[in-house]
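*Asks:* what's the 3D shape of this:
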Amino acid sequence: MGLHLHRRMLLTGLGASGLVACTSTSPVVVPRPGFLRPGLAPLITDPSRISHITVCTRPFRAAGPRIEVERVGDKRVVHNYGHGGSGWSLSWGSGAAARDLALDAGTREVAVVGCGALGLTAALQILRSGARTTIYAAERTPYTRSARATGVWSPESRIADAGAVAPGFADTWETLARRSYATHLAFVGVDGDPVRFIDTYNLRALDDRRRAVGPVPQPGQVNFIHFGSRLDDLGPDGRNLTDAEHPFPVARARVYPNLTFNVAEYARQLTEAFLMEGGRIVQQTFNAPAELSSLAEPVIVNCTGYGARALFGDDSIVPVRGQIGWLAPQEEVTYGINYNAVSMVPRHDGIVIQANGINEMVGYGLDDETPNRAETEEALAMLATLYI
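*Replies:* Numbers count the residues shown, from 1 in each chain. Down below sits the predicted model:
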């Protein structure tokens with residue numbers, strides 16, 4: 001895409017004040033020549049590129065994901081929920097653990113409640129183990145909270161509180177993460193790119209530009225646990241770049257290949273595989289545990305995510321609000337960015353923009369899913385400074 005075209009397309013009007021009128025006097029953003037080289041095209045930061053904004057309520061549990069058995073009436077219920085911001089990342093490992101518990105008593109008929117990332121992966125693994133499997137869900141995957149996920153490998157994102165986990169949790173988490181990672185890799189290179197590696201630039205701002213963009217953190221403090229060092233042997237390594245190796249006006253840059261999920265395509269392929277291999281999906285809503293007795297299956301795997309708070313009265317689930325701004329797809333942008341607490345991830349269904357804020361307490365305890373356009377505009381304005 002030539003420089004002349006960018007002069008016409010990269011209209012700024014950045015920030016909330018520049019969006020009040022169409023006759024903004026803000027200067028046109030013209031990318032420096034370094035961005036015109038193949039493979040590192042400039043992001044178009046014109047706010048008119050925002051196609052929509054979605055908000056996800058992530059289900060955090062201080063003790064970590066709930067993967068255990070409970071008796072509800074005459075049903076054996078296997079819980080599989082409460083993964084914070086790690087649902088897609090840990091889905092295959094959690095699904096395998098739920099499968100083992102579901103089939104432990106020798107049953108050959110299993111119901112899975114929920115059709116998000118955890119429901120799909122658990123149901124597919126149960127089905128492939130030889131059990132008749134039916135998913136019961138109020139909505140298909142494109143309308144679940146899982147569809148509003150960022151779509152990056154983040155297995156320790158708000159996974160637990162270090163002071164509330166049981167002994168051995170670190171080992172359990174590592175097993176879930178490694179099992180999931182191995183299965184995700186099997187989808188790399190598959191038609192439709194359900195999973196792929198994207199070069200992502202971690203950028204450190206110059207001193208006069210350094211600030212965290214995003215909402216103000218909520219009061220209080222949770223000691224979110226981090227186990228990333230346990231997985232250091234997984235995946236390709238990142239490296240620090242010299243100034244000559246990147247075009248960004250920053251103090252320091254590091255690039256690493258980041259495992260990324262094309263959520264829409266990934267979910268489509270999992271759903272298609274489940275149905276083609278003999279699984280069923282039935283639309284059904286449950287408002288109380290007693291309603292599960294209406295199902296014919298003796299074993300039920302509960303993968304309702306944040307919905308388990310209301311369905312099972314589980315007050316240990318704390319909502320964590322997370323907002324994504326979606327820009328219209330830009331095929332030539334093939335790299336991601338982390339800069340001043342703003343992340344950008346290119347996906348086939350759009351460019352994902354997030355203002356993450358100064359720490360992980362941002363959004364904690366908030367269940368409001370009303371989109372905030374100003375938040376996305378602020379993130380875009382910060383990214384625009386990288387291209388001037």
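*Asks:* which stretches of the stretch 1-150 of the chain aren't confidently modelled?
*Replies:* Residues of the stretch 1-150 of the chain meeting the criterion pLDDT under 70: 1-39.
*Asks:* Do a quick rundown of the strands in it.
*Replies:* 50-61, 66-72, 75-81, 109-113, 132-137 (DSSP state E, counting those that start in this stretch).
*Asks:* low-scoring stretches of the stretch 201-350 of the chain, by residue?
*Replies:* Judged against pLDDT under 70, the stretch 201-350 of the chain has no low-scoring part.
*Asks:* Okay, helices next: where are they in it?
*Replies:* 263-276, 308-311 (DSSP state H, counting those that start in this stretch).
*Asks:* any idea whether Thr376 is helix, strand or coil?
*Replies:* Here Thr376 is helix, with the state taken from DSSP: H, G, I helix; E, B strand; the rest coil.
*Asks:* Please determine how far it is located from Val55.
*Replies:* Going from Thr376 to Val55 by CB to CB, to the nearest Å gives 11 Å. To be clear about C-beta, it is placed using only N, CA and C from the backbone, and glycine gets the same treatment.
*Asks:* buried ones in stretch 115-125?
*Replies:* The neighbour-count check on stretch 115-125 (16 or more other CB atoms under 10 Å) flags 115-125 as buried.
*Asks:* cool, and stretch 367-386?
*Replies:* By 16+ other CB under 10 Å, the buried positions in stretch 367-386 come out as 372, 375-386.
*Asks:* For it, the averaged confidence score.
*Replies:* For stretch 367-386, the mean per-residue pLDDT is 97.
*Asks:* ends of it, how far apart?
*Replies:* Its first and final residues considered, stretch 367-386 spans 33 Å by CA to CA, to the nearest Å.
*Asks:* and what of stretch 311-318?
*Replies:* Stretch 311-318 has an end-to-end distance of 14 Å (CA to CA).
*Asks:* How far off centre is that stretch?
*Replies:* Centroid separation for stretch 311-318 versus its chain: 21 Å, with CA atoms, centre = their mean, to the nearest Å.
*Asks:* Likewise for stretch 339-354?
*Replies:* Using CA atoms, centre = their mean, the offset of stretch 339-354 from its chain centre is 11 Å.
*Asks:* likewise stretch 368-379?
*Replies:* The chain centre lies 17 Å from the centre of stretch 368-379; the measure is CA atoms, centre = their mean.
*Asks:* Using CSV, list the CA coordinates for that stretch.
*Replies:* Only the C-alpha atoms of stretch 368-379 are listed here, as CSV (Å, rounded to 0.1, in the frame of the first residue of the first chain):
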residue,chain,number,x,y,z
ASP,A,368,-21.1,-4.3,33.5
GLU,A,369,-20.8,-5.3,29.9
THR,A,370,-21.7,-1.9,28.4
PRO,A,371,-19.1,-0.9,25.8
ASN,A,372,-17.0,2.2,26.4
ARG,A,373,-16.0,3.7,23.1
ALA,A,374,-13.7,6.3,24.7
GLU,A,375,-11.6,3.6,26.1
THR,A,376,-11.0,2.1,22.7
GLU,A,377,-10.3,5.5,21.2
GLU,A,378,-7.7,6.2,23.9
ALA,A,379,-5.9,2.9,23.0
